[in-house]
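> what shape does this take:
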Amino acid sequence: MFYGFWAQVIHKGEVHKININMPLLINGDFGAAAVLITMGAVLGKTTFPQLFTLVTIETIFYSLNLAICFDELGIADIGGSTTIH
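Model (predicted):
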């Protein structure tokens, strides 16, 4: 997940090892759910390269949205609905 990268970019210069823990894995599950929702909407209308591009771009921007919401704005998103939508 790109969340560790974006968290380091937001904190400007604090380069550290990205520890994988349970909250990070849960946020990764929410990211996978966002991708699956999008893929379900366009399935059958897109080709594999289009889906691959869509998933890559959506994963990058989902984790950017997550980093901004959690680190900068301090939003507590228990169910993941703010960051998914």
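
> name the residues of stretch 6-23 that are buried.
Across stretch 6-23, burial judged by 16 or more other CB atoms under 10 Å covers 6-7. (C-beta placed from N, C-alpha, C; glycine too.)

> what are the contacting residues of it?
With CB atoms under 8 Å, 6 or more residues apart in numbering as the test, stretch 6-23 has contacts from 4-5, 63-64, 66-68, 71-72.

> quick one: average pLDDT of it?
Throughout stretch 6-23, pLDDT has a mean value of 76.

> end to end, how far does it reach?
This stretch, stretch 6-23, spans 16 Å end to end (CA to CA, to the nearest Å).

> which residues touch the worst-scoring helix or strand of the chain on mean pLDDT?
Sorting the helices and strands of the chain by mean pLDDT, DSSP states H and E puts helix 81-84 at the bottom, at a mean of 71. Residues from elsewhere that reach helix 81-84 (CB under 8 Å, 6+ apart): 27, 30, 33-34, 37, 62, 65-66, 69, 75, 77.

> what subset of those residues is buried?
Listed as buried from these are 27, 30, 34, 62, 65-66; burial here means 16+ other CB under 10 Å.

> quick one: which of these is nearest A41?
Using CB to CB, A34 comes nearest to A41 of the buried ones among the contacts of helix 81-84, at 11.3 Å.

> still on that earlier bit, okay, the buried ones among the contacts of helix 81-84 in TSV with secondary structure, distance to N21 and pLDDT next?
Compiled in TSV, the buried ones among the contacts of helix 81-84 are given as follows (DSSP: H, G, I helix; E, B strand; the rest coil; distance: CB to CB, whole Å; pLDDT from 0 to 100):
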residue	secondary structure	distance to N21	pLDDT
N27	helix	10	80
F30	helix	15	85
A34	helix	20	88
Y62	helix	19	87
N65	helix	20	85
L66	helix	15	84
